[in-house]
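In: Structure for the following, please:
(one chain, ligands or ions: 1)
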Amino acid sequence: MIVYEKKYDVIVVGAGHAGCEAALSAARIGVSTLLLTINLDAIALMSCNPAIGGLAKGHLVKEIDALGGEMGRNIDATGIQFRVLNTRKGPAVRASRAQADKQQYRLRMKTVLEQQDNLDLKQVEVTALHLDGGAVAGVDTRGGVRFLGKTVILTTGTFMRGLIHIGLVHYPGGRAGDLPSVGLSERLVDYGFDVGRLKTGTPARLDSRTIDFNKLEPQFGDERPVPFSFSTEKIEQPQVPCHIAYTNEKSHEIIRGGLDRSPLYAGIIEGIGPRYCPSIEDKVVRFPEKERHQTFIEPEGRDTVEVYPSGMSTSLPIDIQWAFYRSIEGLERVEIMRPAYAIEYDYVNPIQLHASLETKLVPNLYHAGQINGTSGYEEAAAQGLMAGINAALQVKGKEPLVLGRHEAYIGVMIDDLVTLGTKEPYRMFTSRAEYRLLLREDNADLRLREKGHEVGLVPEETYNGFLVKKECIENELVKLSRERLTPSAAGEELLAEWDLVGMQNAISYEQLLRRPEFTCEDLSRIYPEIMELPEAVREQLGIQIKYQGYINRQLEQVDRAVKLESAKIPADMDYLSIPGLSTEVREKLDRFRPDTLGQASRIPGITPAGITILSIALKARG
Ligand code: FAD
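Out: Residues are numbered from 1 along each chain as shown. Below is the predicted model:
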């Protein structure tokens, strides 16, 4: 091996969504960083859906942005259709989503990486880790070069021993058009990692020139597109529509006719697929009573004719794909430009990670993204950001940043992964968060900007802008609780309009705003200055006042949980000799080796009584 002359603080392997955030966060914190990837032209490539955000995923993007990550700004600059989902539901489940111009998204991210200080990019395949005294000290590459680094972050996505399936044809690949990563996962097994197999799939990419859009229903973005990033003022670029189409009974018949050549149903695919993102053949088999399945035909960009039929992923043979896509109304003449396929790949059980994303087996080695068994760009990016932050903090000799379940969806996801592990692709859902009302998209900056600034990711100017907003909200909340409307000042007409006839005492502006349908616009009738406040401030006032009761209740629950979370368990805890615990509980604790009492309490099968005994044993240890 030729040893490269420059030594790095952080080496990131892979430039997918996890790798980009990991490299940027480490470099921005100020440590020397190297990003190695198989193909520099495929940086931040969207392997599947050309879209960012969606339910719970939008929350992750906002949190990444609040902490100082890039994903939000990247989609704001390259998005072609923006929508806020669930606008009629409560603020906790509202979610932003945007279609991306896939190539622009990739190119902009590459430019951002190239312009980042402290960051070098190189195209190589990493084949092994270089260990020194049991800890990682660098990586070895296929070209025979060894790069030395104090920490290494693996973000290999779907590439480790990637195997592509189209019908009964299968061949190695990291994703269509890309080479797989060979050798690395075998080395990880040698070091004792529990490496498993997962699978995912993607639809065909279709030629929009061969689609009759007159037969399809258009779907437009929001009239006033809302940016993802707290730093983006406005989305300037024009938006493009998507179109809705449906499968029919004929499509389902064609699919059923091809099942004998489906790698999934023929038992060739071993890996477990994403339960919540089933292939079209899975949907047809599992829901035989359904007469049709919907698909959104989503453009892949402004300068391409390729479109993506969402929800239509399949690993059926190509002749079945031709017939099935053409059976859809409006797609009778459709040409497939890239076939649909499934991919199997290696992942590493995330139970072998600390909450910092450092592995328990090899010090200074971090894992982030799909390698941890997750699925999705946003899940990957969020982990990448945290791994990059924590590797950089480790180099600087500082404590890791670990977000609690009450602080961020990122905290929920990482805690789920490292506490429970996963046997199937893990994606984020709002239902995974127990403190949903606290973890809204709209307050991600209020929850996390401070932390992003503390670790050195949020620049001073951005942070100062945030402080102004925060102070404005706090001052205004005080003002609204003090200012009052008296019956005499209101006048008969307003009292009647606001359903306050007979009101005896003055009512505070806060009380008025607490009423379900009452808005800041309504309040401006008696307090016009409120409309001069920035929209984001008014939004916070409305939400914080209306939901205060529920928010306070969740905060009380958080208080109780935080106590358990702060009780750390030493890494060498001897669970097997704790008296009073059942053998099953002892063995489980020994296998999972939780970092805190809180984590221990979330392991399935660990009872509250077991936690009490464990906390007594901890106290006895001193
Ligand atoms: P990736 O984006 O896969 O990036 C990995 C990077 O690591 C690549 O740049 C690669 O070149 C590099 N790399 C790998 N090994 C090495 C090595 N040894 N040396 C150097 N570089 C290396 N997600 C969903 O949410 N829903 C879906 O339906 C869905 N379907 C998918 C279908 C397919 C066919 C594929 C391929 C992916 C699909 N995904 C889906 C997953 C989505 O693409 C990933 O979740 C996301 O891209 C993961 O990001 P990542 O950064 O972890 O990995």
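
In: Near the ligand, which residues of the stretch 301-450 of the chain? Just list them.
Out: Residues of the stretch 301-450 of the chain that fall close to the ligand, judged by Cβ under 6 Å from any ligand atom: 343, 369, 370, 375, 376, 377, 380, 427. (C-beta placed from N, C-alpha, C; glycine too.)

In: got the contact list for the lowest-mean-pLDDT helix or strand in the chain?
Out: Sorting the helices and strands of the chain by mean pLDDT, DSSP states H and E puts helix 487-497 at the bottom, at a mean of 83. Contact partners of helix 487-497, identified using Cβ atoms under 8 Å, 6 or more residues apart in numbering, comprise 498, 500, 501, 503, 504, 506, 525, 526.

In: Between the residues of the stretch 301-450 of the chain next to the ligand, which sits nearest residue 453?
Out: residue 380 (24.0 Å; Cβ to Cβ).

In: I figured the closest one hits residue 357, correct?
Out: No. The pair residue 380 / residue 357 is not scored as a contact, 12.0 Å apart, by Cβ atoms under 8 Å.

In: Can you work out which residues contact both of the two?
Out: residue 368.

In: give me every residue that touches residue 512.
Out: Per Cβ under 8 Å, 6+ apart, neighbours of residue 512: 485, 498, 518, 522, 523.

In: now do 7 Å
Out: Residues near residue 512 by Cβ atoms under 7 Å, 6 or more residues apart in numbering: 485, 518, 523.

In: Kindly list the longest strand within the protein.
Out: Taking DSSP state E as the criterion, the chain has its longest strand at strand 2-13.

In: ok, that strand: who's next to it in the sheet?
Out: Strand pairing for strand 2-13, using DSSP bridges, gives strand 33-37 (parallel), strand 145-154 (parallel).

In: I'd like the ones you listed as a markdown table, with mean neighbour count appended.
Out: Converted to a markdown table, the strands paired with strand 2-13 look like this (neighbours: other Cβ atoms under 10 Å):
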| stretch | mean neighbour count |
| --- | --- |
| strand 33-37 | 28 |
| strand 145-154 | 24 |
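
In: Could you check these and tell me which one is nearest the ligand?
Out: Nearest of the strands paired with strand 2-13 to the ligand, taken as Cβ to the nearest ligand atom: strand 33-37 at 4.4 Å.

In: Of all the strands paired with strand 2-13, which one is nearest residue 114?
Out: Comparing those against residue 114 with Cβ to Cβ, the closest turns out to be strand 33-37 (10.2 Å).

In: quick check, distance from the least confident helix or strand of the chain to the centre of its chain.
Out: 49 Å (Cα atoms, centre = their mean, to the nearest Å).

In: The ligand contacts on the stretch 101-250 of the chain?
Out: So far as Cβ under 6 Å from any ligand atom goes, the stretch 101-250 of the chain lies against the ligand at 125-126, 155-159, 174-175, 181, 184, 200-202.

In: quick revisit: the contacts of residue 512 in strands, which ones?
Out: residue 485.

In: Quick check: which of the contacts of residue 512 has the minimum pLDDT.
Out: Taken together, those show their lowest pLDDT at residue 485, with 89.

In: OK, contacts around it?
Out: Per Cβ under 7 Å, 6+ apart, neighbours of residue 485: 506, 507, 509, 512, 526.

In: Wait, the first one touches residue 483, no?
Out: Meaning residue 506. No. Applying Cβ atoms under 7 Å, one finds residue 506 not in contact with residue 483, separated by 9.5 Å.

In: Extract the CA atoms of the strand or helix carrying residue 613 and return them as CSV.
Out: Element membership for residue 613, per DSSP states H and E: helix 608-621. C-alpha atoms of helix 608-621 as CSV (Å, rounded to 0.1, in the frame of the first residue of the first chain):
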residue,chain,number,x,y,z
PRO,A,608,-40.3,-1.2,34.9
ALA,A,609,-39.4,-3.6,37.7
GLY,A,610,-36.2,-4.6,35.9
ILE,A,611,-35.3,-0.9,35.4
THR,A,612,-35.8,-0.3,39.2
ILE,A,613,-33.4,-3.2,40.0
LEU,A,614,-30.9,-2.0,37.4
SER,A,615,-30.9,1.5,38.8
ILE,A,616,-30.3,0.1,42.4
ALA,A,617,-27.4,-1.9,41.0
LEU,A,618,-26.1,1.2,39.3
LYS,A,619,-26.2,3.2,42.6
ALA,A,620,-24.5,0.3,44.4
ARG,A,621,-21.7,0.5,41.9
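
In: Sounds good, over and out.
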